[in-house]
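Q: this one's structure only:
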């Protein structure tokens with residue numbers, strides 16, 4: 001069993017710490033997409049409609065899945081597609097939250113801040129891989 005775990009861990013792209021963190025973040029996008037599709041936030045669905053929130057969920061789900069697959073194979077051109085899908089989902093959600101902040105009672109600035117933090121993460125990853133189609137060898 002330990003040999004199997006070592007072999008599996010050895011296949012994680014270097015630097016492993018970044019690969020693990022990215023995998024966790026992409027998995028959170030996938031799980032958030034699933035949660036949004038299964039049980040969308042009622043306070044938002046009532047204001048913008050179920051279709052709009054479904055789109056956010058699908059962009060998170062597809063983008064996170066593409067990012068996980070492409071990141072694990074070091075196919076960065078495809079990972080950029082996943083990042084773009086997640087960014088579209090975040091942009092749509094940010095627009096919804098900003099609109100609700102000004103049209104409903106209560107503050108939505110905390111939600112907007114968390115969305116912007118996630119967008120910064122995606123921009124950072126995009127900046128790390130934008131020059132190459134695949135991870136450079138050698």
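A: Sure thing, it's come through. In this text, all values refer to a predicted model and were calculated from it rather than measured experimentally.

Q: so which strand or helix has the residue most central in space within the chain?
A: Nearest to the mean C-alpha position of the chain, counting by Cα atoms, centre = their mean, stands residue 29 at 4.1 Å. Here residue 29 is covered by helix 16-38, with elements defined by DSSP states H and E.

Q: ok now that helix, how far from the chain's centre?
A: Counting by Cα atoms, centre = their mean, to the nearest Å, helix 16-38 is centred 6 Å from the centre of its parent chain.

Q: what's the answer for stretch 103-116, then?
A: Averaging C-alpha positions (Cα atoms, centre = their mean) puts stretch 103-116 19 Å from its chain's average.

Q: low-confidence ranges, this structure, go.
A: The chain contains residues with pLDDT under 70 at 137-138.

Q: one step back: list the buried residues in the helix or strand following the helix holding residue 29.
A: Using DSSP H and E, the helix or strand that follows helix 16-38 in sequence is helix 42-48. By 16 or more other Cβ atoms under 10 Å, the buried positions in helix 42-48 come out as 44, 45, 48. C-beta: built from backbone N, CA, C; applies to glycine.
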